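Chemist: Got a sequence here, can you build the structure:
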Amino acid sequence: MHEWKFSRRDALKLSALGAGSLLLPLGRLGLSLADNGPTSPPVPLFQLPLPMPSQARPVGTTIVTTPSSVAVEADVYDLTARVGDAQILPGFKPTRIWGYNGLFPGPLFRARRGRPIVVRHTNGLTFADTGAQELGLSDHLHGGNVDGFSDGHPYNEIAPGAVKRHTYFNDQPAATMWYHDHGIHHTARNVYHGLGSFYLLGDAHEDSLNLPSGEFDVPLLIQTKYFNADGSLTEVVRLDGIRDALSDEDLEKFVQRFPVERN
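Modeler: All right, here's what the predicted structure looks like:
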């Protein structure tokens, strides 16, 4: 019988396949599995701290009707996709990104089971700001138990300048989830440019486990990016590779540092 060996390195590779963007390896992007892919300028390692997403804050409350026809209060958040600048590489000017609220990574949601939230998604991207065509967006909560009206189906796009309201009832156990653009044909491009972040759902059971919490509950996503000589993002034409999306060399090239505390 063939024995399948699964190393910790393999686990890291697999865990990165659906990820967004906090640690940035400057290596091979699985864009076509070709040997002549783009490269990035050399940078000194561990000069910048790991960027922590700012926490999303509600702007008010509203009343929503649950799937069981019960009227309950929900927190309301505003989330706008727009261009911004992020200091990703040490020694380079900030990199132009597309981010939720202009941030990379986007705001971090911390929600509680049984407490719904409403997110008003605004598409603030324009051709003038991005130089890109087909800028319709469809924001998707990856892993969420969400109805079809709020699920961010690829064809259910938000046109530039438009607003769409999504309701997340949070009627599921605690989970680490992430939200990202899911627009038809351009999900990879839009996430590559920065449209993604975390949605952490907590509950009483998770509270009872004495797990790291607060500032010690650190979400981590891994995304490969390529940079031009001036620190701007390389425009990748194809992002259709999945196998070996992170090579062994990638795992040695994270550019940011993360200090830890211990008792």
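Chemist: Quick one, grab the pLDDT at P259.
Modeler: P259 carries a pLDDT score of 74 in this model.
Chemist: wait, T176
Modeler: With respect to pLDDT, T176 scores 95.
Chemist: residues in contact with it?
Modeler: The contact partners of T176, by CB atoms under 8 Å, 6 or more residues apart in numbering, come to 143, 198, 200-201, 219. Every C-beta, even on glycine, is put in place using the N, C-alpha and C of the backbone.
Chemist: 10 Å - rerun?
Modeler: Applying CB atoms under 10 Å, 6 or more residues apart in numbering, we find T176 in contact with 143, 198-202, 217, 219-220.
Chemist: List only buried entries from those.
Modeler: 198-202, 219 (16 or more other CB atoms under 10 Å).
Chemist: Just checking, which helix or strand of this protein averages the lowest pLDDT?
Modeler: Counting by mean pLDDT, DSSP states H and E, the weakest-scoring helix or strand in the chain turns out to be helix 8-15, with a mean of 46.
Chemist: Quick check: mean pLDDT of the following helix or strand past that one?
Modeler: Per DSSP states H and E, helix 8-15 leads on to strand 48-49 as the next helix or strand towards the C-terminus. What strand 48-49 shows for mean pLDDT is 87.
Chemist: cool, and stretch 79-90?
Modeler: Taken as a whole, stretch 79-90 has an average pLDDT of 95.
Chemist: If you count neighbours, what's buried in that stretch?
Modeler: Applying 16+ other CB under 10 Å to stretch 79-90 flags 79, 81-84, 86, 88-89 as buried.
Chemist: now the host helix or strand of V119, how far from the chain's geometric center?
Modeler: Here V119, judged by DSSP H and E, is contained in strand 117-123. On the basis of CA atoms, centre = their mean, to the nearest Å, strand 117-123 sits 16 Å off its chain's mean C-alpha point.
Chemist: quick one: buried residues of that strand?
Modeler: Going by neighbour count (16+ other CB under 10 Å), the buried part of strand 117-123 is 117-119, 121-123.
Chemist: Show only the entries of the buried ones among the contacts of T176 found in helices.
Modeler: The helices, defined by DSSP state H, take in nothing from the buried ones among the contacts of T176.
Chemist: I'd assumed L125 was in contact with I97.
Modeler: No: using CB atoms under 10 Å, I97 is not in contact with L125, being 11.4 Å away.
Chemist: shared neighbours of those two, which are they?
Modeler: Common neighbours of I97 and L125 (criterion: CB under 10 Å, 6+ apart): 82-83, 193, 195.
Chemist: quick one: strands adjacent to the strand holding V119?
Modeler: strand 71-86 (parallel), strand 163-168 (antiparallel) (DSSP bridges).
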